[in-house]
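Enquirer: Next one to model:
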Amino acid sequence: MLALQNDFKTIQFTLFFTDKDVNEKSVYRFLLPRLMTIHTNLLTTRKQMSEKLEDLYGAYFRPQVERLGNLSVVSITLTFADPKIVGSQTLFLDALDLFKQVIFEHDSLSKEIFEEEKRMLLEQWETLYDKKRQYAQYQYNALLYGDDTYGYPLSGTYEDIKKLSKEKLEAYYKDVFLNNNIRFIVNGNLSTDELDQLKALGIKHEALPFPYEVSFREARDRVEKREQTVMQQGIIKMGYHFPIFRQDKLYYAACLLDDMIGGYPESRLFKEIREKLGLCYDIQSGFDPYRGVIHISSGVDAKKIDIAIDSIMFEVQKMIDEGPKEDELLHAKAYYTHQLKTSLDSQSMATKRLYLKDVLGYDESIEKRLKAIEKVSLDDIKEASAYLKLDTIYVLHGGQDDH
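Expert: Model (predicted):
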């Protein structure tokens, strides 16, 4: 167990289940934590679980699944009020008992809840084409990543979901999931007695039984795909191959470069493409340090797609060729610093930082990150930008006669 002592008004229990990211297990890891946090052996309906959480002063569960390099990480968090604040003598033990039921004590899964969750997930897939942004993201991911695990849907495919049975999911829970690499992190203003009760759970932390890896294929000649549908606008997705990863010395330069390209309202793309040229409704970029890619996404008038793409390419190339101005770098540092300091107000982010440090070896302390950001120079940005190469363009657009 790892403990974070602080003065938040809530206490969090979080268990991280880490395994290799394998396509055929995606649907299990996506659906299972949802079902686990909806019911238990004793609380067999959604209503009973909801009433129990309400009795615990509005406690709530948050299940999440994400990819970090070659890892699939499922986290299940229970957040509840600090008993010392609400004046409850039983809240801590009641919350702990519920947490144990949800994590470890599912003798079986509710068939009714399983079928309902499966049906809702299938319906999301069946209506995906009508949700233009989500559909565009799905198609872009497939085009950019191809056979890479990042190109596989986090929820599994429609076919994966359809084939899944309650019995298969139960077997996965008992035989695989509970035997994942586990990290238990508690976060809050905890007494010695409370910490001792948590330690008594006997949850052991062990090193990953396989190496943690971040990598991506080599850059390729640009691939472009356009798809027409019925809508008034166009959605542009662009992927720049950018082989800088979280552990690299240029990581913080890459973060700042992403901000200056399109990561915040003072960025090049926002100011030039949206405000000055008026070519788009929205535009932003995002850096993925686990696959080494900068993504650019924009919603534009369907008649302005080509000029918007050309203008985006021009601005990124200008950044590569000339680099940013000194004041741009200073503004980006100020923005990034503000975001880091603001994250101190997030209990969940503190938990995640501790997980990254303990399992992956990243020292995510705010102080260290602030110092690293301050040291980034214009030369570092120039060096980082040289790695950028436009790799993928996907466009979903309406036709001229759409109404």
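Enquirer: Verify the contact between Leu378 and Glu322 for me.
Expert: No - under the criterion of Cβ atoms under 8 Å, Leu378 makes no contact with Glu322, lying 10.6 Å away. Bear in mind the C-beta positions are built from the backbone N, C-alpha and C, glycine included.
Enquirer: Next, the buried residues of the helix or strand hosting Ile309.
Expert: Assigned by DSSP states H and E, Ile309 falls within helix 305-322. Across helix 305-322, burial judged by 16 or more other Cβ atoms under 10 Å covers Ile305, Ala308, Ile309, Ser311, Ile312, Met313, Glu315, Val316, Met319, Ile320.
Enquirer: ranges for the helices of the stretch 101-250 of the chain?
Expert: For the stretch 101-250 of the chain, the helices defined by DSSP state H, counting those that start in this stretch occupy 111-126, 132-145, 158-163, 166-175, 192-199.
Enquirer: for these, which one ends up most surrounded?
Expert: Of the helices of the stretch 101-250 of the chain, the one with the most neighbours on average (mean count of other Cβ atoms under 10 Å) is helix 132-145, at a mean of 18.
Enquirer: What average pLDDT does that one get?
Expert: Helix 132-145 shows a mean pLDDT of 97.
Enquirer: tilt between it and helix 111-126?
Expert: Going by axes from the mean of the first three to the mean of the last three Cα atoms, to 10 degrees, helix 132-145 is angled at 80 degrees with respect to helix 111-126.
Enquirer: Point out where the chain drops to low pLDDT.
Expert: Scanning the chain for pLDDT under 70 picks out 400-403.
Enquirer: And the residue nearest to the spatial centre of it, how far from Thr229?
Expert: Nearest to the mean C-alpha position of the chain, by Cα atoms, centre = their mean, lies Glu66 at 5.4 Å. Look at Glu66 and Thr229: by Cβ to Cβ, to the nearest Å, they are 29 Å apart.
Enquirer: right, so of the helices of the stretch 101-250 of the chain, which gets closest to Leu32?
Expert: Checking the helices of the stretch 101-250 of the chain against Leu32 by Cβ to Cβ gives helix 166-175 as the closest, at 5.9 Å.
Enquirer: what residues are up against Asn189?
Expert: Contact analysis of Asn189 by Cβ atoms under 8 Å, 6 or more residues apart in numbering lists Gln5, Asn6, Asp7, Phe8, Ile11, Asp82, Lys84.
Enquirer: you'd agree Leu31 is up against Arg119?
Expert: No - using Cβ under 8 Å, Leu31 is not in contact with Arg119; the gap is 11.6 Å.
Enquirer: Within the helices and strands, which one has Ile283?
Expert: Using DSSP H and E, Ile283 falls in strand 280-288.
Enquirer: Adjacent strands (with direction) for that strand?
Expert: strand 293-301 (antiparallel) (DSSP bridges).
Enquirer: could you check the angle helix 305-322 makes with the strand it pairs with?
Expert: 140 degrees.
Enquirer: which other helices and strands contact the helix holding Ile309?
Expert: If you count contacts as 3 or more Cβ pairs under 8 Å, 6 or more residues apart in numbering; DSSP states H and E, helix 305-322 packs onto strand 233-241, helix 268, strand 293-301, strand 389-398.
Enquirer: what angle do the longest one and helix 305-322 make?
Expert: Right, the one you point to is strand 389-398. Here the directions of strand 389-398 and helix 305-322 differ by 160 degrees (the same axes, to 10 degrees).
Enquirer: Pretty sure Pro153 is one of the things Ser26 touches, is it not?
Expert: Yes - contact criterion Cβ under 8 Å: Ser26 and Pro153 qualify, at 6.8 Å.
Enquirer: So if I had to pick from these two, which one is more boxed in?
Expert: Ser26 (22 against 18; other Cβ atoms under 10 Å).
Enquirer: Excluding sequence neighbours, find me the nearest residue to the more buried one.
Expert: Closest residue in space to Ser26, ignoring its immediate chain neighbours: Gly156 at 4.3 Å, by Cβ to Cβ, 6 or more residues apart in numbering.
Enquirer: who are the neighbours in contact with that neighbour?
Expert: Ser26, Val27, Tyr28, Phe30, Leu164.
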